[in-house]
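J.: Structure of the sequence below:
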Amino acid sequence: MTRKVWFQVGVGILLTLLVIKYFIEIHWIFSPLVIILKAIFVPLLLGGVLYYVTEPIQRFLEKRKWPRWASILTIVVGLIALVGSFGWIVGNPIAVQVNNLVKNVPQISASIQDAADYVLRNRDNFPPQLKDLIDNMADYVQDIAFAASKGLVSLLQSVVSVSLLAILIPFFFIFMLKDHEKFAPSIYKYFSGERREWVKKTLIEIDSVLRSYIQGQLQISFLLALIMYVGYLIIGLEYSLLLVIFAFFMNMIPFIGPWIAFTPALIVAVVQDPVLVIWVSVVTLVAQQIDSNFITPNVMGKTLDIHPLTVITVILAAGNIAGFIGIIIAVPFYAVLKVIASNIYDERNVIKKKATKSV
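T.: Model (predicted):
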């Protein structure tokens, strides 16, 4: 019975639950480790994103006999120049829009408050389902307000965190560019024979999945943001550049991200001109259709081979477990687990076939 798959899977699940249980109960032992992991996780994540974006450039340069130090220096200087050029081109328009937004915050807040008061005064005239939705939205707005006030109190802490990120991100990024070939060998060197080849193959596939996802998702986010920016300019939506920059980062979250980006654009449209709500909805819908029918199939293809329903489920579950960071890493994390599980399954089939032939 111990050789049955269902028995081994059950034992694995029970052991995992026991580990989680005892980890929670004696968390004080691991709290220093958790603090350290929290401190380095975000810069390691962002450094990894930068690595996967620039690694093709490094490969291109080194194929042409560039030394490693020269390729790294070229990439770093190129990134600094790119960020500087972007700041020089869009810095002034962004500053103008930020200043206008700050000046109009009281007006926007008053308009939102008037609309909320009107809805609350007349909610008894609405259907029961709509009344429940209004109550839930009111609680949601209160939660956002509380989070915003809490964020203002911890402004100094945020400044320190940003400064730490500014130091650690380049450190991890340059380290990855310098020694990325050593990572996989440092893991599979502890194995031998067929197990070594299996670990090596799995690590190569994980690297390929992460590279394809990060590079593809960045391309999709950029193209979607560009489409939305053109649409916002056509309909004359205010703060379009700020909204599109926000949308660029949100679009990195599959399926749900564009709708998160839609929320601030909808608020601006309501305050500027209620008729614009229709046009903002049209722009978002058109961008989504172009993405789902043309951009994503051509950029991502069948790389991850994950059903959209699975993606949405994974994102929602990760958001409840780990918040916004969980939403961001949910899909690539699931893709990595899927690669590992698939390779384990294939290896078991190979072992069974060999056992059958030997008999």
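J.: Every contact and neighbour count from this point should use C-alpha atoms.
T.: OK.
J.: Hmm, residue 188 is touching residue 199, no?
T.: Yes: using Cα atoms under 8 Å, residue 188 makes contact with residue 199 at a distance of 6.0 Å.
J.: Neighbour count: these two, which is higher?
T.: The neighbour comparison of residue 188 against residue 199 (other Cα atoms under 10 Å) goes to residue 199, with 22 against 17.
J.: my read: that one touches residue 189, true?
T.: No: with contact defined as Cα under 8 Å, residue 199 and residue 189 do not form a contacting pair (9.6 Å).
J.: any low-confidence regions in the stretch 201-350 of the chain?
T.: Scanning the stretch 201-350 of the chain for pLDDT under 70 picks out the ranges 297-305.
J.: again, only using 80
T.: 253-259, 271, 291-312, 318-327, 347-350 (pLDDT under 80).
J.: Let me see the ranges of the helices in it.
T.: Ranges of helices in the stretch 201-350 of the chain, per DSSP state H, counting those that start in this stretch, are 240-250, 257-272, 276-290, 296-299, 308-358.
J.: So what's the residue count around residue 21?
T.: With other Cα under 10 Å as criterion, residue 21 counts 12.
J.: quick revisit: what's the most buried one of the helices of the stretch 201-350 of the chain?
T.: Among these, helix 240-250 has the highest mean neighbour count (mean count of other Cα atoms under 10 Å), at a mean of 21.
J.: and that helix, what does it pack onto?
T.: For helix 240-250, the packing partners by 3 or more Cα pairs under 8 Å, 6 or more residues apart in numbering; DSSP states H and E come out as helix 68-121, helix 193-235, helix 257-272.
J.: which one of those helices lies closest to residue 57?
T.: helix 68-121 (7.6 Å; Cα to Cα).
J.: Same list (the helices of the stretch 201-350 of the chain) but as JSON lines, adding distance to residue 78.
T.: JSON lines is the format used below for the helices of the stretch 201-350 of the chain (distance: least, Cα to Cα, whole Å):
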{"stretch": "helix 240-250", "distance to residue 78": "21"}
{"stretch": "helix 257-272", "distance to residue 78": "29"}
{"stretch": "helix 276-290", "distance to residue 78": "31"}
{"stretch": "helix 296-299", "distance to residue 78": "24"}
{"stretch": "helix 308-358", "distance to residue 78": "27"}
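J.: quick one: which of those is nearest residue 56?
T.: Nearest of the helices of the stretch 201-350 of the chain (Cα to Cα): helix 296-299, 16.1 Å.
J.: The residue lying closest to residue 326 once chain neighbours are set aside and residue 230, how far apart?
T.: Excluding the flanking residues, the one nearest residue 326 by Cα to Cα, 6 or more residues apart in numbering is residue 318, at 4.8 Å. With distances taken as Cα to Cα, to the nearest Å, residue 318 is found 33 Å from residue 230.
J.: who touches stretch 279-286?
T.: Stretch 279-286 is contacted from outside by 228, 231, 232, 235, 258, 262, 265, 266, 269, using Cα atoms under 8 Å, 6 or more residues apart in numbering.
J.: how is this structure carved up into domains?
T.: 1-177, 184-354 (automatic domain parsing).
J.: any idea which of these is most buried?
T.: domain 184-354 (a mean of 17).
J.: And that domain, how far out from the chain middle?
T.: Relative to its parent chain, domain 184-354 has a centroid offset of 7 Å by Cα atoms, centre = their mean, to the nearest Å.
J.: start to end distance for that domain?
T.: Start to finish, the residues bounding domain 184-354 are 28 Å apart (Cα to Cα).
J.: One more: stretch 170-189?
T.: 28 Å.
J.: Residues touching the helix or strand harbouring residue 184, excluding its own?
T.: Here residue 184, judged by DSSP states H and E, is contained in helix 183-188. Contacting residues not belonging to helix 183-188 are listed as 196, 199, 200, 203 [Cα under 8 Å, 6+ apart].
J.: Can you tell me how far residue 327 is from residue 43?
T.: Residue 327 is 17 Å from residue 43, by Cα to Cα.
J.: Same check on residue 168?
T.: Here residue 168 is placed at a distance of 6 Å from residue 43 (Cα to Cα).
J.: cool, residue 259 as well?
T.: Counting by Cα to Cα, the separation of residue 259 from residue 43 is 26 Å.
J.: again, but for residue 313
T.: According to Cα to Cα, residue 313 stands 27 Å off from residue 43.
J.: what's the answer for residue 281, then?
T.: To residue 43, residue 281 is 35 Å away according to Cα to Cα.
J.: okay if I get the helices and strands packed on helix 240-250 as CSV plus distance to residue 12?
T.: Putting these into CSV (distance: least, Cα to Cα, whole Å) gives the following:
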stretch, distance to residue 12
helix 68-121, 43
helix 193-235, 20
helix 257-272, 34
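J.: Among those helices, which comes closest to residue 356?
T.: The nearest among the helices and strands packed on helix 240-250, by Cα to Cα, is helix 193-235 at 18.0 Å.
J.: Touching, residue 165 and residue 44? I think so.
T.: No: taking contacts as Cα under 8 Å, residue 165 lies outside contact range of residue 44: 9.4 Å.
J.: circling back to that earlier point, run the chain-centre distance for the helix holding residue 184.
T.: 26 Å.
J.: now it: mean pLDDT?
T.: For helix 183-188, the mean pLDDT works out to 88.
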